[in-house]
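Undergrad: got a structure for you, letters missing:
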């Protein structure tokens, strides 16, 4: 298991070969730290990409742009959902300069605290965006790649500013990942 401390960074793959997880420092309505164990044995390509992006600072300053109460909080769009230089009207449409990844589906169920990779309708389109589950969602099982699980800080996840409407778009000033750090 890799532990992911979200202090996400932008750049080329240069993360340590074996990270345990990430730690995410969150600011906004929610303030605190979320620790995530990364499951490199379940989704090695996805974990490697998240770790590389975090190591380069790609995720630093990225908003939680889509947050649906009772479902999940989505982040990781370093192209459009960034505090500096972003375009929140396009949040959720961006990614990184790294290639999209082929799905690495598993039998791990989507339940509270599970971290999954966001994607388009194409199962092989995950890139940089991910989401943290507030509750179980069995309809996601086997449809989205599981990359980790929250090991501490779920009380912070629960406080992340919620979005509105069916798509959960966050208006005004969304909460952000101030710093995402890779842990060993």
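TA: The structure has been received and is ready for your questions. All values derive from a computational prediction rather than experimental measurement.

Undergrad: all helices of the chain, in order?
TA: Taking DSSP state H, the helices of the chain run over residues 44-55, 154-159.

Undergrad: residues touching the most centrally placed residue in the chain, list them.
TA: With distances taken as CA atoms, centre = their mean, the chain has residue 130 as the residue nearest its mean C-alpha position (3.1 Å). When contacts are counted by CB atoms under 8 Å, 6 or more residues apart in numbering, residue 130 is found next to 50, 74-76, 115-118, 147. All C-beta spots, glycine's among them, are computed from the backbone N, C-alpha and C.

Undergrad: tell me how many other residues crowd residue 58.
TA: Neighbour count for residue 58, taken as other CB atoms under 10 Å: 26.

Undergrad: how far away is it from residue 49?
TA: 10 Å (CB to CB, to the nearest Å).

Undergrad: common neighbours of the two, please.
TA: 96, 128.

Undergrad: among the contacts of residue 130, the buried ones, what's the ChimeraX command?
TA: Buried members of the contacts of residue 130, defined by 16 or more other CB atoms under 10 Å, are picked up in ChimeraX with:
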select :50,74,75,76,115,116,117,118,147
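
Undergrad: what about residue 85, how many residues nearby?
TA: Count around residue 85 with other CB under 10 Å applied: 9.

Undergrad: let me know the pLDDT of it.
TA: The model reports residue 85 with a pLDDT of 74.

Undergrad: residue 64: what's it in contact with?
TA: Each residue near residue 64 by CB under 8 Å, 6+ apart is listed here: 26, 28, 73-75, 160-161, 170, 174-177.

Undergrad: and the residue nearest to the centre of the chain, how far is that from residue 123?
TA: Counting by CB to CB, the gap from residue 130 to residue 123 is 15 Å.
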